[in-house]
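Peer 1: Kindly generate the corresponding structure for this input.
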Amino acid sequence: MSSVVTTGVLDPAPYDAYARMVQRLLDVPVALVTLVEPERQWFPGAVGLPAEVEAVRETPLSHSVCQYVVADASPLVIEDTRLDDRLRTSGAVVDLDVIAYAGWPLTDHAGLVVGSLCAIDHRPRAWSEDDLAVLEDVAAACSAALSERRLRELASESARRAHDLSSRSRVLLALSEALSATLTLTDVAAALQRTALEQLGCLRAGVWVTDAHDPIRSADLPLAQPATRRMLRYVSPAGDTWGSARLNHALALDDSNPVGHSVVDQRAISFPDTETQNRRYPDLDYSEQVGQARSFWPLVERGEVLGAMALVWEERRVLTDDELVTLGALAAYTAQAARRALLTGSQADSLVTLQRALLPRLPEGGALSLAARYRPAAERDQVGGDWYDAVTLASGATSLMIGDVVGHDVAAAATMGTLRTMLRALTWSHGDATAQNVSRLDAAMRDLGVEGVATLVHLWVQPDTGAGARPGDAVLRWTNAGHVPPLLLDPHGTARLLAPEPADLMVGVDATVERREHTARVEAGSTLLLYTDGLIERRRESIDAGLARLAAVAARHHALALPDFLDAVLADAADDSDHAHDDDVALLAVRFTG
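Peer 2: The predicted model follows:
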């Protein structure tokens, strides 16, 4: 058990706030933030205690249920303590009327369980999954507050002990600030490197993570046999110049190297100089080795080993106890950020995979050549509702669709899939009346309870059989429901927007609105570009400026093969040095080949 604090002196305000939050969200009479010590438990946060306990904010362990959360290092959820062999005689049950109990572990800066965030009822209660999810989330926030307080104390103690340690007391704050905006493992590695170099005087700092970004449970270490051998891989930040780390970018997760050794033993391993390290690990590539002293720390978060960090100093040195405490906190902060980056990446990858799975395969052959692109937003956890579709029907005509569901979440992606499927079915069933098909879609959304609002363009392409038409000429019929206008490039690259009138209302707003259909003749060799607004929108810029830029870019690249044309348009129109794309982009290009 780790002692987060050594006295009962703690500002109760923030911890009382956590207790009140649990009381309100779970509708319980008592909620506590409990820290367990060898002879007592005490409550930095409490609501609903009896007056005599509230006055002292502590009880002996004879009246503690929370001690079992700490002892077991796991949640404790009891519907009726009177039926539990371990608890039925506890003073908490007999004297304090603790009947239903749900407690979640609170951890300190080192990841050790030191207390419990608990909800208490005076009558039996079956705790729901939602109750426990709330308890887990609030406990995580409370643990972070306890950890941060302890880390601040450690930094303050170091600063008081010696003047030369005062600068190190800022390390955790600097790393916290550096890590606050990290989204990827590369970001985390760059933040660690910057903080270690600026605040700790390191020459190099880096992170190795488990292969396939797959954490290992601490309880499963050390790994068994070579057949189960895992690897640790170096995360190279932008502009990285650490040659030795790149040479040793893949290291076995075993004691043949200091990075793997620290993970297997789950402890820090430090060397005062390169000679001592190299003698212990003779098989590494030392051809570009720099510096002298080095220290290796496992990155462990919530019982999972994510990898290890390595720090190198220019000069020979033996790390002091104060420095080791600081580095331990540094490793803990880095592990938290790495775990968050892995979770964010995994969730984002799943969402983008979902989005891509909902996008169709384009028809091939015939008088039209088609290509499409989809690019997710820079914020990887924000899957969008952008979509496109193309269907060649038995008549030989081709139906084209592009749309954008309002929102950036899984619900938007689900609505997108529903609308695409519905419009495809309506087109197949009812033919080429684009305005009527969109009206039918609007009515179906209303009648079937499909919630959502979306813009879209629905087009119908068929050969031009009119007087003077040449092979490959086509007729376009389309309707626009609040979407950005299609762009048509003639064979010479002259661009024009298909926007003869203001667009109609978006779908999902008013199913009774009248929709209009437009017609245009297209020359063989022309290119039609359908796109979503993420391609042209810029902060502090009008939509007209974005449309003009797109027309110029598309005209410049119109002679390229269709896939290359889309890549060039996406690169030139959607990206610039002052703008990080914050919206999804879908593009569908059609070339009238004849």
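Peer 1: Chain neighbours aside, what residue packs nearest to residue 135?
Peer 2: Nearest non-adjacent residue to residue 135, counting by CB to CB, 6 or more residues apart in numbering: residue 104, 4.6 Å away. Backbone N, C-alpha and C define where each C-beta goes, glycine included.
Peer 1: what's near enough to touch the one you found?
Peer 2: 69, 75, 116, 117, 118, 132, 135, 136, 138, 139 (CB atoms under 8 Å, 6 or more residues apart in numbering).
Peer 1: now residue 48
Peer 2: With CB under 8 Å, 6+ apart as the criterion, the residues that contact residue 48 are 23, 28, 29, 30, 31, 120.
Peer 1: So what's the residue count around the fifth one?
Peer 2: The burial count assigned to residue 31 is 27, neighbours taken as other CB atoms under 10 Å.
Peer 1: would you say it is within a strand?
Peer 2: Yes - Residue 31: assigned to a strand according to DSSP: H, G, I helix; E, B strand; the rest coil.
Peer 1: Specify the beta-bridge partners of it.
Peer 2: residue 47, residue 119 (DSSP bridges).
Peer 1: That one and residue 16 touch, don't they?
Peer 2: No - using CB atoms under 8 Å, residue 31 is not in contact with residue 16, being 9.6 Å away.
Peer 1: check which helix or strand covers residue 188.
Peer 2: For residue 188, the host element (DSSP states H and E) is helix 185-199.
Peer 1: Tell me the buried residues in that helix?
Peer 2: By neighbour count on 16 or more other CB atoms under 10 Å, the buried set for helix 185-199 is 185, 186, 187, 188, 189, 190, 191, 192, 193, 195, 196, 199.
Peer 1: So which bits of stretch 48-62 are buried?
Peer 2: 48, 49, 53, 57, 58, 59, 61.
Peer 1: Let me see the contact set for residue 204.
Peer 2: Residue 204 neighbours (CB under 8 Å, 6+ apart): 193, 197, 242, 244, 245, 290, 291, 310, 311, 312.
Peer 1: same question for stretch 249-262, mean pLDDT?
Peer 2: Average pLDDT, stretch 249-262: 91.
Peer 1: again, but for stretch 64-72
Peer 2: For stretch 64-72, mean pLDDT is 95.
Peer 1: which residues sit against that stretch?
Peer 2: For stretch 64-72, contacts defined as CB under 8 Å, 6+ apart pick out 1, 32, 34, 36, 41, 61, 75-76, 78, 81, 86-87, 90, 92-93, 98, 101, 103-105, 113-116, 118.
Peer 1: which of the residues you listed count as buried?
Peer 2: Restricting those to buried positions leaves 1, 32, 34, 36, 41, 61, 75-76, 78, 81, 87, 90, 92-93, 98, 101, 103-105, 113-116, 118, with burial counted as 16+ other CB under 10 Å.
Peer 1: Spell out the residue ranges of the strands in the stretch 1-150 of the chain.
Peer 2: Secondary structure of the stretch 1-150 of the chain by DSSP state E, counting those that start in this stretch: the strands cover 30-36, 40-47, 58-60, 76-78, 100-107, 113-121.
Peer 1: If you could redo that for the stretch 301-450 of the chain, that was the one I meant.
Peer 2: Counting by DSSP E, counting those that start in this stretch, the stretch 301-450 of the chain has strands at residues 304-312, 368-375, 385-392, 398-405.
Peer 1: check contacts around the closest residue to residue 231 other than its chain neighbours.
Peer 2: Sequence neighbours aside, residue 211 is the residue nearest to residue 231 in space, at 4.3 Å (criterion: CB to CB, 6+ apart). Contact partners of residue 211, counting by CB under 8 Å, 6+ apart, are 230, 231, 232, 233.
Peer 1: tell me which of the residues you listed is nearest to residue 321?
Peer 2: residue 232 (27.4 Å; CB to CB).
Peer 1: and the helix or strand the closest one falls within, how far from the chain's centre?
Peer 2: Residue 232 belongs to strand 231-235 when assigned by DSSP H and E. Relative to its chain's centre, strand 231-235 lies at 21 Å (CA atoms, centre = their mean, to the nearest Å).
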